[in-house]
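Engineer: Provided below for reference: sequence and predicted model.
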Amino acid sequence: MTDILNKFENIKTRYAEIMKEELKLFDDKAEDRILELRNKILSAKSKYKCVKCGACCKLAATPNSPDDLKNLADKGDKFAQEFTKYFKLYEDFDTIKDLYPDYFDTVDVTNEKLYFYHCDLVTDANLCPNYDDRPQICKDFPENPIDILPISCGFKGWQEEVLEDILRLKAITEILNLEKESE
Ligand code: SF4
Ligand code: SF4
């Protein structure tokens, strides 16, 4: 563990500080700590609500191309199966950038290859015509606070509230990986 701690000794970012704090708490308690953070992050979500802006129906970004999603769906991935059933690829990147400029303020498209999709079912009033029977992926959204969230999303506050805990989870995962590498 001291070897790992040394790697972060001279790094001054907040993330490096978190790594050091987590390393000190670490020992054999990693699993308990992961569970505790995960529960804290998930329970914080209940304070926030969907404000029915329709943004997640009109624009969903993922690093997965249509072929990637089809392969995943063929292998039985439930998320990919539902996603490919409802979401279609936007072909023209410039058009969607003009339509949803706010969204692109939050997404760094220069660093990551992303594909953008939309669901045709959403109404002009931003509602799902089959809300009670909407797909599970729509019911769950956002399933994870590290999802890319539109600015108008009612769960944006959840993402901001749990940011520090997400960094803690990331730090613990990195510590576990470093430990494995040093074995
Ligand atoms: S199925 Fe309904 S909730 Fe899901 S993306 Fe389409 S319109 Fe939105
Ligand atoms: S982007 Fe967020 S607030 Fe808007 S419809 Fe989707 S879940 Fe609801």
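Structural biologist: In hand now; what should we look at? These numbers were taken from a predicted model, which means no experiment stands behind them. Ligands and ions are numbered 1, 2, ... in the order given.
Engineer: spatially, what comes nearest to the residue nearest to the spatial centre of the chain if we skip its sequence neighbours?
Structural biologist: When C-alpha atoms, centre = their mean is applied to the chain, the residue found nearest the centroid is residue 147 (2.0 Å). Nearest non-adjacent residue to residue 147, counting by C-beta to C-beta, 6 or more residues apart in numbering: residue 141, 7.4 Å away. All C-beta atoms are positioned from the backbone trio N, CA, C, and that covers glycine.
Engineer: domains of the protein?
Structural biologist: 2-47+162-182, 55-154 (automatic domain parsing).
Engineer: looking at those, which one has the lowest mean pLDDT?
Structural biologist: Here the domains of the chain differ in mean pLDDT, and the lowest is domain 2-47+162-182 at a mean of 78.
Engineer: so which bits of this structure are right by ligand 1?
Structural biologist: For the chain, the contact set with ligand 1 under C-beta under 6 Å from any ligand atom comprises 57, 86, 119, 121-122, 128, 134-135, 138.
Engineer: quick one: which of these is most hemmed in?
Structural biologist: Greatest neighbour count in the residues of the chain next to ligand 1, by other C-beta atoms under 10 Å, goes to residue 57: 23 neighbours.
Engineer: residue contacts, that residue?
Structural biologist: 118-119, 121-122, 126, 128, 138 (C-beta atoms under 8 Å, 6 or more residues apart in numbering).
Engineer: is it in a helix, a strand, or coil?
Structural biologist: Under DSSP: H, G, I helix; E, B strand; the rest coil, the three-state class of residue 57 is helix.
Engineer: how near is it to residue 173?
Structural biologist: Residue 57 sits 31 Å away from residue 173, taking C-beta to C-beta, to the nearest Å as the criterion.
Engineer: ok, now residue 152?
Structural biologist: 30 Å.
Engineer: those two: who's more crowded?
Structural biologist: Applying other C-beta under 10 Å to residue 152 and residue 173 shows that residue 152 carries more neighbours, namely 16 against 12.
Engineer: could I get the contacting residues of the more buried one?
Structural biologist: 51, 53, 55, 102.
Engineer: so where's the longest strand in the protein?
Structural biologist: Identified as the longest strand of the chain according to DSSP state E is strand 115-119.
Engineer: what does the chain put close to ligand 2?
Structural biologist: Going by C-beta under 6 Å from any ligand atom, the residues of the chain near ligand 2 are 50-56, 141, 150, 152-155.
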